[in-house]
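>>> missing the sequence, but the structure's below:
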């Protein structure tokens with residue numbers, strides 16, 4: 001068995017019948033798509049509008065930290081070709097999943113509040129921009145997806161670690177973090193407002209608590 005004629009996968013050979021291109025494994029027939037790799041939903045898999053993705057014309061603001069502070073605070077109009085709406089429904093369970101993935105993959109640099117004060121920053125590494133900066137609060141969701149997929153500046157890409165569905169869920173949670181720092185009572189559904197007032201301290205009791 002050990003000495004019988006055979007080809008070893010991907011090991012170059014001189015000739016197989018009429019094939020003499022030096023490969024024992026044959027390439028895929030043109031047009032063949034592996035199962036689960038069709039990815040015809042361009043917006044979902046790239047975060048870019050179909051026309052921009054095909055032409056490669058999507059562009060974003062200058063790299064934070066590598067340009068002037070004025071450039072870092074570039075206007076939202078500098079984001080061109082990215083999708084502005086989530087290409088999948090976002091539910092409460094998706095937000096929970098996004099929070100979990102964010103705390104695993106993102107919080108170490110960006111901090112659990114998204115303020116750029118993660119643990120590695122406290123140890124002296126470069127501080128990423130805060131998600132609460134005006135520039136990123138106005139950035140389209142497709143821009144965040146593009147950064148997660150391809151990396152940006154000192155940040156590596158997370159395409160192999162985080163599947164596309166979870167990348168969108170992380171972005172949904174980032175939007176929730178951004179809203180949490182600027183939300184008002186009007187943003188809270190009337191049915192939920194009583195819970196806020198129920199948990200708040202009663203006027204005049206704060207100082208009493210301090211002197212106990």
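Everything's here; your move. Note that the coordinates shown come from a computational prediction; the quantities given were computed from them, not determined experimentally.
>>> which positions in the longest helix anywhere in the chain come out as buried?
In the chain, taking DSSP state H as the definition, the longest helix is helix 164-180. Within helix 164-180, the residues scored as buried using 16 or more other Cβ atoms under 10 Å are 164, 166-178. Backbone N, C-alpha and C define where each C-beta goes, glycine included.
>>> and the next helix or strand past the worst-scoring helix or strand of the chain on mean pLDDT?
The weakest-scoring helix or strand in the chain, judged by mean pLDDT, DSSP states H and E, is helix 69-72 (a mean of 48). As assigned by DSSP states H and E, the chain's next helix or strand after helix 69-72 is helix 92-105.
>>> I'd like to know which elements that next one is packed against.
Packed against helix 92-105 by the contact rule (3 or more Cβ pairs under 8 Å, 6 or more residues apart in numbering; DSSP states H and E) you find helix 164-180.
>>> what angle do the helix it packs on and helix 92-105 make?
Here helix 164-180 runs at an angle of 90 degrees relative to helix 92-105 (axes from the mean of the first three to the mean of the last three Cα atoms, to 10 degrees).
>>> just the residues contacting helix 164-180, thanks.
Helix 164-180 is contacted by residues 44-45, 86-88, 90, 94-95, 97-99, 101-102, 105-106, 113-114, 131-132, 136-137, 141, 144-145, 148-149, 158, 162, 187 when judged by Cβ atoms under 8 Å, 6 or more residues apart in numbering.
>>> try stretch 102-116
Against stretch 102-116 from outside (Cβ under 8 Å, 6+ apart): 117-121, 125, 127-132, 155, 158, 161-162, 170, 173-174, 177-178, 181.
>>> filter those residues to the buried ones?
By 16+ other Cβ under 10 Å, these give 117-118, 121, 127-132, 158, 162, 170, 173-174, 177-178 as buried.
>>> report the residue spans of this protein with pLDDT below the cut-off.
1, 7-17, 22, 24, 60-77, 199-212 (pLDDT under 70).
>>> and the helices in it?
Secondary structure of the chain (DSSP H): helices at 42-46, 50-55, 69-72, 92-105, 107-110, 119-122, 134-137, 141-150, 164-180, 190-199, 206-211.
>>> the ones you listed: which one's closest to residue 82?
Among the helices of the chain, the nearest to residue 82 by Cβ to Cβ is helix 141-150 (3.2 Å).
>>> just the endpoints, please. Distance across stretch 29-45?
In stretch 29-45, first residue to last residue: 24 Å (Cα to Cα, to the nearest Å).
>>> likewise for stretch 35-47?
22 Å.
>>> ok, and what's touching that stretch?
Stretch 35-47 is contacted by residues 48-50, 53-54, 82-83, 87-88, 141-146, 149, 164, 168 when judged by Cβ under 8 Å, 6+ apart.
>>> of the residues you listed, buried ones?
Here, 16+ other Cβ under 10 Å leaves 48-49, 53, 82-83, 87, 141-146, 149, 164, 168 buried among these.
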